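Asker: Pasted the sequence and its predicted model underneath.
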Amino acid sequence: MNKCQKCGAKATTQLELNDKNKGEKTVLILCDVCYKEEIICQECKQEIKTLEIKQTTKTDGSTVRVCEECDKKIQLVKEWVAKIKNLKQELEKYVEFGEHRLADGTVIRGATCNIKENLTKEQLLAFKELLETNLTDKKAPTAGGEFLGWKRGTPEIEEALKVAEGTGIRQPYCYWLGVKEKIEELEKQEHLSNQEREREREREEKFNQWNSRIY
């Protein structure tokens, strides 16, 4: 007589689990009680109606048994977490991430992140484009008021990002204002340089004209 693999009671049925992360399928031999427990989604707590029960790993590292709908949500959260990590890597090209120590000794990396000095105009324009691509039209509250924030997702994604992000990245509009100011300053310097070159050219022409009259 087959015994339940979970409790040792008389087994009555088989259950197939599909591990999405490993690409493996596992067949469990279970009793009625354990079978009913195993077909409950660990996320929404509803009975899994599909023939295939998925087992997947969440962003916090835990492995769960889920229904099709909850599996889609978990995969979407993973995609967003990956996007945030990629965004941070892109930001590190243009932003210096410092550290700030709180009164209780907690160190927050990124709390003093500022735009790098001596970025070229091309780099600043690329940074500005990165910010504008990732800006949302919804306002996000900040210490200084309300600014346009990063593109985000559903409440589930927001909750996951609290755990996975941990970057201390400022709101993009704060960066955007700083980048805009730096670009305008560079363009002003370029304009002054062009004016100076034009004046130098005019002085040279006058000198050549004066020199030609003498000789």
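Answerer: Right, received. Where do you want to start?
Asker: Can you get me the start-to-end distance on stretch 46-65?
Answerer: End-to-end distance for stretch 46-65: 11 Å, by C-alpha to C-alpha, to the nearest Å.
Asker: got the buried residues for that stretch?
Answerer: Using 16 or more other C-beta atoms under 10 Å as the test for burial, stretch 46-65 gives 48, 53, 54, 55, 56, 58, 59, 65. The way it works is simple: take the backbone N, C-alpha and C, and place the C-beta from them, glycine included.
Asker: From these, which land in helices?
Answerer: Residues of the buried residues of stretch 46-65 located in helices (DSSP state H): none.
Asker: Tell me the one among those residues nearest to residue 29.
Answerer: Of all the buried residues of stretch 46-65, residue 53 has the smallest distance to residue 29: 14.7 Å, by C-beta to C-beta.
Asker: how is this protein carved up into domains?
Answerer: Domain ranges of the chain: 13-67, 69-189, per the TED database.
Asker: Can you check which helix is longest in this structure?
Answerer: Under DSSP H, the chain gives helix 172-214 as its longest helix.
Asker: where do the strands sit along the chain?
Answerer: Remark: strands assigned in the chain by DSSP state E are 13-19, 24-30, 53-57, 63-66, 95-96, 99-101, 107-109, 114-115, 135-142, 145-150.
Asker: For the protein, give me the ranges with low pLDDT.
Answerer: Scanning the chain for pLDDT under 70 picks out 1, 20-22, 50-53, 97-102, 106-113, 136-173, 206-208, 210-215.
Asker: what's the spacing between residue 91 and residue 84?
Answerer: Residue 91 sits 10 Å away from residue 84, going by C-beta to C-beta, to the nearest Å.
Asker: My error: substitute residue 66 in the last question.
Answerer: Counting by C-beta to C-beta, the gap from residue 66 to residue 84 is 22 Å.
Asker: repeat for residue 184
Answerer: 30 Å.
Asker: can you check residue 57 too?
Answerer: Counting by C-beta to C-beta, the gap from residue 57 to residue 84 is 18 Å.
Asker: Now do the contacts for residue 54.
Answerer: Residue 54 sits next to 17, 18, 20, 65, 66, 67, 68, 71 when contact means C-beta atoms under 8 Å, 6 or more residues apart in numbering.
Asker: Looking at residue 184 and residue 84, which one has more neighbours?
Answerer: residue 84 (21 against 10; other C-beta atoms under 10 Å).
Asker: and residue 40, bridged to which residues?
Answerer: Residue 40 has these beta-bridge partners by DSSP bridges: residue 47.
Asker: Correct me if wrong: it contacts residue 33.
Answerer: No: between residue 40 and residue 33 there is no contact under C-beta atoms under 8 Å: 11.9 Å.
Asker: No further questions, thank you.
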